[in-house]
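Student: this one's sequence-less:
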């Protein structure tokens, strides 16, 4: 009898928590009717390239695709997630040659525009903060373009300008590899941050009105870019290094500068970036793989068998909603409520935190923040107001430079080697 009573009490407690979560999510959705939730980074264009040959009609985005595809993104889940604005990443790999990256990036911009054109009732292209507001007011999802990887300009400011004309409104200065003018967070440093040409890239981005995105760059590059840029910077999809010790995350030394800079850190959902347990597991897995390869040169079968045994002995851990909330809370505590946003990296990462299988996850995240005491005004800021403020500040700097000539700076020959 007592056991049944205890079980009943536990069930009632769980039901109460679920009810509170549902009520919180409903409240969030009401807020998002009048404030656009703008995510800083979604790799759907690259997923379509990899899985469907860039054919935007090869998969029906008007259907919920969670059960039938690997995609994190479709229109029903965007609507269920309350998404009002999305930066579509036109990512291409750092393994490409610069000339290949130029072509592939323009192809990805074309893909993004074809996604928008295929669903005009749902998406509208936006290149300014005012256009975001106008598209959102029309009941559609404001669709913006963000470049990922400075190698895509092939050391040419003329190409940077052409990408801006094509609609790109931010550029991540590096991806996984150090470029000929900027150090990456996950590669050997070469310049101690930005070299002289890298500084010119940032200045020309300021002149154009293109946001300087510091996700993926080294700490020295972050600090150099913030020193050089007259406009606020962004981290389109990064988390907090003090919470998870991954070099891709933003250190407190940089977070403390955000109020003066005016920029924004948009929290990423990649499990290895938000969970220290997952990060450590990933590192241990990579170390074991390297060990097995060194012990079994030329014998991939032995390596595969060894890794299978290791994985069985070390089950893959999962990141959680609580991990994501911890990063958001930390950025708020160190940088301030005006400098935090959301940049999940959907369709750009292989796994997601538990219970966050796609772009419909935002109400759960925001409801969890409200359960921690966040106000409606706070939710409006993290959802879209902070990013729109940054966009308007970047646009104002560009307007102040309207009379300046385009930069003719070139990469010095010795810097390229």
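Tutor: Noted; the coordinates are in hand. Please read all numbers here as calculations on a predicted model, not as lab measurements. Numbering: from 1, shown residues only.

Student: strands along the stretch 301-417 of the chain, start to end?
Tutor: 340-342 (DSSP state E, counting those that start in this stretch).

Student: what of the chain?
Tutor: Here the chain has its strands, by DSSP state E, at 37-42, 83-89, 123-125, 141-148, 168-172, 211-213, 234-238, 264-267, 340-342.

Student: dump those into TSV; add mean neighbour count and distance to residue 283 as well.
Tutor: C-beta coordinates here come from the backbone N, C-alpha and C atoms, glycine included. Formatted as TSV, the strands of the chain follow (neighbours: other CB atoms under 10 Å; distance: least, CB to CB, whole Å):
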stretch	mean neighbour count	distance to residue 283
strand 37-42	29	24
strand 83-89	27	26
strand 123-125	20	39
strand 141-148	26	24
strand 168-172	25	24
strand 211-213	29	26
strand 234-238	31	19
strand 264-267	29	21
strand 340-342	27	26
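
Student: which stretch among the ones you listed comes nearest residue 227?
Tutor: Evaluated over the strands of the chain, closeness to residue 227 peaks at strand 211-213, with 11.4 Å, by CB to CB.

Student: how near is residue 343 to residue 103?
Tutor: 26 Å (CB to CB, to the nearest Å).

Student: so those two - more neighbours on which side?
Tutor: residue 343 (28 against 14; other CB atoms under 10 Å).

Student: got the strands of the chain as CSV, with mean pLDDT and distance to residue 253 columns?
Tutor: Formatted as CSV, these follow (pLDDT from 0 to 100; distance: least, CB to CB, whole Å):
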stretch, mean pLDDT, distance to residue 253
strand 37-42, 98, 22
strand 83-89, 98, 26
strand 123-125, 98, 37
strand 141-148, 98, 24
strand 168-172, 98, 20
strand 211-213, 99, 18
strand 234-238, 98, 14
strand 264-267, 98, 13
strand 340-342, 98, 17
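
Student: could I get these as CSV with distance to residue 378?
Tutor: Below are the strands of the chain laid out as CSV (distance: least, CB to CB, whole Å):
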stretch, distance to residue 378
strand 37-42, 13
strand 83-89, 17
strand 123-125, 27
strand 141-148, 22
strand 168-172, 24
strand 211-213, 23
strand 234-238, 19
strand 264-267, 14
strand 340-342, 9
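
Student: centre-most residue in the protein?
Tutor: residue 237 (2.6 Å; CA atoms, centre = their mean).

Student: contacts only, for that residue.
Tutor: Residues in contact with residue 237, defined by CB atoms under 8 Å, 6 or more residues apart in numbering, are 40, 41, 215, 266, 267, 268, 343, 344, 345, 348.

Student: not counting residues beside it along the chain, what's closest to the fourth one?
Tutor: Nearest residue to residue 266, sequence neighbours excluded (CB to CB, 6 or more residues apart in numbering): residue 343, at 3.1 Å.

Student: the one you found contacts residue 216, doesn't it?
Tutor: No - contact between residue 343 and residue 216 fails when scored by CB atoms under 8 Å: they sit 11.9 Å apart.

Student: what is the burial count for residue 301?
Tutor: 8.

Student: next: the one 5 residues further on.
Tutor: Applying the criterion other CB under 10 Å, we find 18 residues in the vicinity of residue 306.

Student: got a list of what it touches?
Tutor: Residue 306 touches 288, 292, 296, counting by CB under 8 Å, 6+ apart.

Student: give me that answer again for 6 Å
Tutor: Residues counted as contacts of residue 306 (CB atoms under 6 Å, 6 or more residues apart in numbering) are residue 292.

Student: next: residue 363.
Tutor: So residue 363 contacts 25, 28, 29, 82 (CB under 6 Å, 6+ apart).

Student: relative to residue 51, which of these is nearest.
Tutor: For those, the nearest to residue 51 is residue 82 (25.9 Å; CB to CB).

Student: residue 32 is in contact with the closest one, correct?
Tutor: Yes - Residue 82 is within contact range of residue 32, at 3.6 Å (criterion: CB atoms under 6 Å).

Student: what does stretch 343-350 rub up against?
Tutor: 39-44, 47, 72-73, 236-237, 266, 268-270, 359.

Student: which pair of those residues spans the longest distance?
Tutor: 47 and 266 (19.4 Å).

Student: neighbours of residue 205, just the number please.
Tutor: 29.

Student: leaving out the residues flanking it, which one is nearest to it?
Tutor: residue 212 (5.4 Å).

Student: now that neighbour: how far from residue 204?
Tutor: Distance from residue 212 to residue 204, by CB to CB: 10 Å.

Student: what's the answer for residue 316, then?
Tutor: From residue 316 to residue 204 the distance is 43 Å (CB to CB).

Student: for residue 166, same thing?
Tutor: 16 Å.

Student: the two: who's more crowded?
Tutor: For the pair residue 166 and residue 204, the greater number of neighbours falls to residue 204 (22 against 17), based on other CB under 10 Å.

Student: test my guess that the more buried one contacts residue 407.
Tutor: Yes - applying CB under 6 Å, one finds residue 204 in contact with residue 407, separated by 4.6 Å.

Student: give the residues shared as contacts by those two.
Tutor: Between them, residue 204 and residue 407 share the contacting residues residue 157, judged by CB under 6 Å, 6+ apart.

Student: ranges for the helices of the stretch 51-200 of the chain?
Tutor: Along the stretch 51-200 of the chain, the stretches classed as helices by DSSP state H, counting those that start in this stretch are 75-80, 98-118, 129-137, 157-165, 196-208.

Student: which one of these lies closest to residue 327?
Tutor: Taking those one by one with CB to CB, helix 75-80 is closest: 22.4 Å.

Student: would you mark the buried spots in the closest one?
Tutor: Neighbour counts over helix 75-80 (16 or more other CB atoms under 10 Å) mark 75, 76, 77, 78, 80 as buried.

Student: can you say which two of those are spatially most distant?
Tutor: Counting by CB to CB, the most remote pair of the buried residues of helix 75-80 is 75 and 80, 9.6 Å apart.

Student: between those two, what contacts are shared?
Tutor: By CB under 6 Å, 6+ apart, no residue touches both residue 75 and residue 80.
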